[in-house]
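J.: heads up, no residue letters with this:
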């Protein structure tokens, strides 16, 4: 199969149209001119929209306002704020303050930053973005930009596109550096199918492989082309990396449209009697950067509680516009009316006595160096165990209020169908 | 509490009566004289009966026929055979041939052996017995013999008396050497309660402790007083050792008759819903030295098979006059209609494909570096799994014929009640 022609075909379906690009350009220019009228700073359109590596339907416009290093951070933020065109701008903080607005149909971000040069110490984490812009803009050929778009679409379809912690996958910037390093998507996939983590990609050849592995301690190391102290691939989890490796194998073996355009999801209809517990509660009104880690933390806490009496075969947490969900697949839904426990080392007599008198077992014996007992207990359902734990300290503080009114159920609602039928389709 | 008086009281209940001893002596003398009429060899009464360390009701008489080292093993066996008094003598082989008979109410063993001296290389494993006899006979005081009897009774009641593999406990000889080393039962128990395995007891002070630990690699090392290359305590399992440690603690804390005279066993009557599988079959007609290891081997094999789909909470195997039993306590009696499996490393694409196409999973995904799948399966009961395995190669060859007609059941027969209520009573 002629993969180049195949990718060209995909590209036609996913590249923004000329009118889409035109519109984007106009909106960008409007914001840029508005700012430049009021502050003495370069304003750069960065990100995929600026480099022609975005996908059809992307609505992101990222603008950097680049100030001289002599100024203070509070000053440049304030100056930027005052220079924004009319609109509903909200100030956000990530590592750094920036402004965001739904502006004429686009998600516009305006980020004040300082000018730096390659590998220089940053005043702020965002300062390297203009350097990335310049680096990639100068090097990516038109065909490579096409390959970046096709790669992004492929990763999106596989659920591993994006650096955010929900995905822990490959960011747009990582995609561009990957294509640059391997020169083409075909060559990237041919290499990736044989990757054996830890993977080290070092475009500018700053390190020996072992050196990079030691320095970055990560399954996927992409030495940032403009800052060799940074692993641009740090967000890629081991799971996402192996998904990409298997995906590369599967695609090259049998290239087809399904790798880019997902079939509509089928209803979960296995005969398997999966036993599930769903915790469903109103989504707290906090930003997603906080909500997601809090959900994960709570999922992990509840999982640990369950694992004292149940096997947790799989778990997940997610949210939609209204509600948040934490789901568990368990080996059973209620405990037995007895339990086997291992006690203290048999040599510690005082502890042994305490243990036995606490548990009043109906079987008790020495086995090897330990005490083993069987004790009777009340049957407990997993839902009740979860309900009891909802006010525990392990629950994320931002969830606490809403989760107390959670619905905790063994029923399999349609919201968990996607989780139940979880399948990496290319396997 | 005056432990000496207490032990004296116990001793009165468990020491053979004068008439019992008299009878024993007469029978022993009859066998000895019969042999000595026909062969030129020393004949020694050995074992506990000879040293006054036996318990009431013991019916064992062990006689050694000691030949000069210049003779051949076949010769001394043949000479001994011809010299035996009239009776139903059966030749047995352990490490060494010997003769056994029910003779005038006693279990008489006649063992031909060679004369050796202390620490000398043996021609046969039994040759050291006369040396043990001499060593202990010369050293044990009357009170120490009493303590040996009391100790034996205590260990018997706790189920850890005997070197045979069913028990893996303390032999009579070990008991005698223990009392000799610690000078009294009270002192032995006071020491044992603080033992921290590996335990090294070296009456004749042949080794540094570390040296003995390295040489014998055993939780319980009792350097044989008459052969420093031998661990007389090798038969004591870690479990038996810790049972004795906890027993010593429990006894000293609250000495009472229950440590010597077991209360009659209560019927198992816990409310716990233990799920059991019993394999019951006609006991094969083989000697117990073979039967027991074969049972254990088969128990272990079936346990491993079960553990692919079930948790085995406890298991045991045993026999009575008629039948042999293998019993399991399981977490459940039938499998789910699905199962979660971990596949090959995600990087091995060919294996991954094979794995997926073999299992046809309804969930499949990459997790970390591995493939995880959920597949549907037929529900299987544990009894059926066991039945299928009864003709497998893992089943002990001597059991094979009878076990094919085994009754495999979830019912809890009275034969397994003792196992179900298994309890080290002193805990």
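T.: Thanks, I have the structure now. Everything quoted here is computed from the prediction, not taken from an experiment.
J.: could you list the low-pLDDT ranges of chain A?
T.: Applying pLDDT under 70 to chain A picks out residues A:94, A:120, A:122-125, A:265-266.
J.: what's the domain layout of it?
T.: Here the domain parsing of chain A from automatic domain parsing is A:14-129, A:142-259, A:275-334+A:379-420, A:338-376.
J.: the ones you listed: which one's closest to residue B:74?
T.: Comparison of those against residue B:74 by CB to CB identifies domain A:338-376 as nearest, at 43.6 Å. To be clear about C-beta, it is placed using only N, CA and C from the backbone, and glycine gets the same treatment.
J.: out of the domains of chain A, which one sits most buried?
T.: Counting by mean count of other CB atoms under 10 Å in any protein chain shown, domain A:142-259 has the highest mean neighbour count of the domains of chain A, with a mean of 19.
J.: list the contacts of stretch A:315-324.
T.: A:166, A:280-284, A:291, A:295-296, A:298-299, A:303, A:325-329, A:399, A:402, A:415, A:419, A:422 (CB atoms under 8 Å, 6 or more residues apart in numbering or on different chains).
J.: let's go with 10 Å and repeat that
T.: A:166, A:276-277, A:279-284, A:288, A:291-292, A:294-300, A:302-303, A:306, A:325-330, A:399, A:402-403, A:406-407, A:413, A:415-416, A:418-420, A:422 (CB atoms under 10 Å, 6 or more residues apart in numbering or on different chains).
J.: of those residues, list those near chain B.
T.: Counting by CB under 10 Å from any CB of the partner chain, A:329, A:419, A:420, A:422 from those sit close to chain B.
J.: give the helix, strand or coil label for the residue in the stretch 151-300 of chain A positioned nearest to chain B.
T.: Taking CB to the nearest CB as the measure, the point where the stretch 151-300 of chain A comes nearest chain B is residue A:272, at 3.5 Å. Under DSSP: H, G, I helix; E, B strand; the rest coil, residue A:272 falls in the coil class.
J.: next: residue A:303.
T.: Going by three-state DSSP: residue A:303 is helix.
J.: do I have it right that it meets residue A:382?
T.: No: Residue A:303 lies out of contact with residue A:382 (CB atoms under 10 Å); the separation is 11.4 Å.
J.: now do the shared contacts for these two.
T.: Contacts common to residue A:303 and residue A:382, judged by CB under 10 Å, 6+ apart, are A:310, A:312, A:328.
J.: quick one, phi psi at residue A:116?
T.: phi -130, psi 170 (degrees, to the nearest 10).
J.: gap between residue A:426 and chain B?
T.: Taking CB to the nearest CB, to the nearest Å as the measure, residue A:426 falls 10 Å from chain B.
J.: and that residue, what is it in contact with?
T.: Contacts of residue A:426 (CB under 10 Å, 6+ apart): A:154, A:157-158, A:243, A:246-251, A:253-254, A:258-259, B:364, B:366.
J.: any part of stretch A:204-221 near chain B?
T.: Yes: Stretch A:204-221 is in contact with chain B by CB under 10 Å from any CB, via residue A:219.
J.: how about residues contacting that stretch?
T.: With CB under 10 Å, 6+ apart as the criterion, stretch A:204-221 contacts A:118-119, A:135, A:170, A:174, A:181, A:195, A:197-202, A:222-242, A:244, B:368-369.
J.: I'd assumed residue A:340 was in a strand, is it?
T.: Yes: when classified by three-state DSSP, residue A:340 is found to be part of a strand.
J.: hey, what's it bridged with?
T.: residue A:374 (DSSP bridges).
J.: which residues touch residue A:369?
T.: A:345, A:346, A:347, B:197, B:219, B:238, B:239, B:241, B:242, B:245.
J.: can you tell me which of the residues you listed are in helices?
T.: B:238, B:239, B:241, B:242, B:245 (DSSP state H).
J.: residue B:190: which of those residues is nearest?
T.: So of those, ranked by how close each gets to residue B:190 (CB to CB), first place is residue B:245, at 12.0 Å.
J.: quick check: the gap between that closest one and residue A:98.
T.: The gap separating residue B:245 from residue A:98 is 67 Å, by CB to CB, to the nearest Å.
J.: what about residue A:64, which SS state?
T.: strand.
J.: who does it form a beta bridge with?
T.: With DSSP bridges as the rule, residue A:64 is bridged to residue A:44, residue A:111.
J.: does it really touch residue A:96, like I thought?
T.: No: when contacts are counted by CB under 10 Å, residue A:64 is not listed as touching residue A:96 (11.1 Å).
J.: report the set of residues contacting both of the two.
T.: A:111, A:112, A:113, A:126, A:127.
J.: quick one: the helices in the stretch 301-427 of chain A?
T.: Assigned by DSSP state H, counting those that start in this stretch, the stretch 301-427 of chain A shows helices spanning A:349-359, A:382-389, A:400-403, A:417-420.
J.: what's in contact with the last one?
T.: Going back to what we said before, that points to helix A:417-420. A:265-270, A:272, A:274, A:276, A:278, A:314-318, A:325, A:327-329, A:412, B:362-363, B:374.
J.: re the thing from before, which ones among the contacts of residue A:426 are found in strands?
T.: Using DSSP state E, B:364, B:366 are the members of the contacts of residue A:426 that sit in strands.
J.: ok, the contacts of residue A:426 vs residue B:22, which is closest?
T.: residue B:364 (80.2 Å).
J.: need the contact list for the closest one.
T.: Residue B:364 touches A:422-427, B:341, B:343, B:352, B:355-356, B:371-375, counting by CB under 10 Å, 6+ apart.
J.: could you rerun that using 7 Å?
T.: For residue B:364, the contacting residues are A:423, A:424, A:427, B:356, B:371, B:373, by CB atoms under 7 Å, 6 or more residues apart in numbering or on different chains.
J.: who's it bridged to?
T.: Here residue B:364, judged by DSSP bridges, has bridge partners residue A:423, residue B:373.
J.: now stretch A:148-165: how far from the chain's centre is it?
T.: 11 Å (CA atoms, centre = their mean, to the nearest Å).
J.: and the contacts of that stretch?
T.: For stretch A:148-165, using CB under 7 Å, 6+ apart, the contacting residues are A:7, A:10-11, A:14-15, A:53, A:55, A:167, A:169-172, A:175-176, A:179, A:185, A:235, A:240, A:243-244, A:247, A:259-262, A:292-293, A:426.
J.: could you rerun that using 8 Å?
T.: Residues contacting stretch A:148-165 (CB under 8 Å, 6+ apart): A:7, A:10-11, A:14-15, A:48, A:53-55, A:140, A:167, A:169-172, A:174-176, A:178-179, A:185, A:188, A:235, A:240, A:243-244, A:247, A:251, A:259-262, A:288, A:292-293, A:296, A:424-426.
J.: which non-adjacent residue is nearest residue A:401?
T.: Distances taken as CB to CB, 6 or more residues apart in numbering or on different chains place residue A:284 nearest to residue A:401, at 7.1 Å, with adjacent residues excluded.
J.: shouldn't that neighbour be within a strand?
T.: No: under the criterion used here (three-state DSSP), residue A:284 is coil, not part of a strand.
J.: ok, it - contacts?
T.: A:291, A:324, A:398, A:399, A:401, A:402 are the contacts of residue A:284 under CB under 8 Å, 6+ apart.
J.: likewise residue A:279?
T.: So residue A:279 contacts A:302, A:325, A:326, A:327, A:386, A:390, A:403, A:406, A:407, A:408 (CB under 8 Å, 6+ apart).
J.: in strands, which of the residues you listed fall?
T.: Using DSSP E, the contacts of residue A:279 in strands are A:325, A:326, A:327, A:407, A:408.
J.: now these in CSV, with distance to residue A:148?
T.: Formatted as CSV, these follow (distance: CB to CB, whole Å):
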residue, distance to residue A:148
A:325, 34
A:326, 36
A:327, 35
A:407, 43
A:408, 44
